[in-house]
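Let's see this in three dimensions:
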Amino acid sequence: MSEQATPPAVELGAGQSGYPPGVCAPATPLWPGFLTGQEDAPVRVLLVDDDEFMRRVIAQELLSDLRIQLEGQAGSLRDGRRLVATHEFDVLMVDLRLGDGSGFDLIQEAREHRRSAEIIVITVLEDEAHVLHALELGATGYLLKDAWLQSFAQAVLQVVNGGAAITPRLARRLLSRLSHRPMGALPPAAQPLPRETTLTARECEVLRFVARGHVTEEIGNRLGISGQTVNAHIKNIYKKLHVHSRAQAVSYAAYSGLI
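Presented below is the predicted three-dimensional model:
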């Protein structure tokens, strides 16, 4: 039996990629300078999780990305409170089940200390009640610990640039619930909006792009308006819907039939 010949090794010279002739090497991902999270100005993150193994996994991923700076870690509500009170931060990543208390309490305290900070929940709890309560408190991310198709680092960069980060499996479930909801039906916690708070056509357009995960710059480019105008529309949406974050606005508008 004849043996198959092994292809000869390719020696790389200057400018060669090592790929066969006619095949281009994958393009290096570009990170535009206008986005938040640059190597010379990284996003500052606090991580609070009492699961030591999971905390180590998440920390390792964050530390490997030069656009992110892990400011501090904690394994309890008490130590998390100390971090929130003593550190400047842009994003708080927090588990809902802490050995000495609830992550919901830390989310509320973080909001009091730094209202502009983004909150990402990291948890094993995927029931709708926990998700909606986290969004009501101002979380802009909700990640399940056992999910494969997600990146903790990308979630951080997503929320600081105006998007929302949610585990794809959980997002699929929530979308499915919305799609099977009878026309006009609202969940018990949602109340119909007064007529005077109806969003304009332009505000609805902006909110739909927000719901798809687009950041301010992208929305402006697609609608042919400036980023400042986009942000003005978003502020009006917040005021009309009585919400405080993009995730809250999308959640409420979806349940209310506005988008």
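
okay, and for the stretch 51-200 of the chain, where does confidence drop off?
For the stretch 51-200 of the chain, the stretches flagged by pLDDT under 70 are 177-197.

can you map out the helices along it?
Here the stretch 51-200 of the chain has its helices, by DSSP state H, counting those that start in this stretch, at 52-63, 77-86, 103-113, 128-136, 152-160, 168-179.

any idea which of the ones you listed is most buried?
helix 152-160 (a mean of 22; mean count of other CB atoms under 10 Å). Where C-beta positions appear, they are placed from N, C-alpha and C, glycine not excepted.

With adjacent residues omitted, what lies nearest to Leu170?
Distances taken as CB to CB, 6 or more residues apart in numbering put Glu126 closest to Leu170, at 5.5 Å, once the chain neighbours are dropped.

so who does that neighbour touch?
Shown in contact with Glu126 (CB atoms under 8 Å, 6 or more residues apart in numbering): 144, 167, 169-170, 173.

For Tyr142, see how far away it is.
Distance check for Glu126 against Tyr142: by CB to CB, to the nearest Å, it reads 9 Å.

what's the answer for Arg246, then?
Distance, Arg246 to Tyr142, using CB to CB: 13 Å.

The two: which is more packed in?
The neighbour comparison of Arg246 against Tyr142 (other CB atoms under 10 Å) goes to Tyr142, with 27 against 23.

thought the more buried one was touching Ala134?
Yes - between Tyr142 and Ala134 there is a contact under CB atoms under 8 Å: 5.8 Å.

what residues do these two have in common as contacts?
By CB under 8 Å, 6+ apart, the residues touching both Tyr142 and Ala134 are Val121.

residues in contact with Arg78?
Counted by CB under 8 Å, 6+ apart, Arg78 has contacts 100-101.

Who are the contact partners of the residue most central in space within the chain?
By CA atoms, centre = their mean, the chain has its centre lying nearest to Ala165, at 2.5 Å. Taking CB under 8 Å, 6+ apart as the criterion, Ala165 is in contact with 120, 140-143, 150, 154-156, 158-159.
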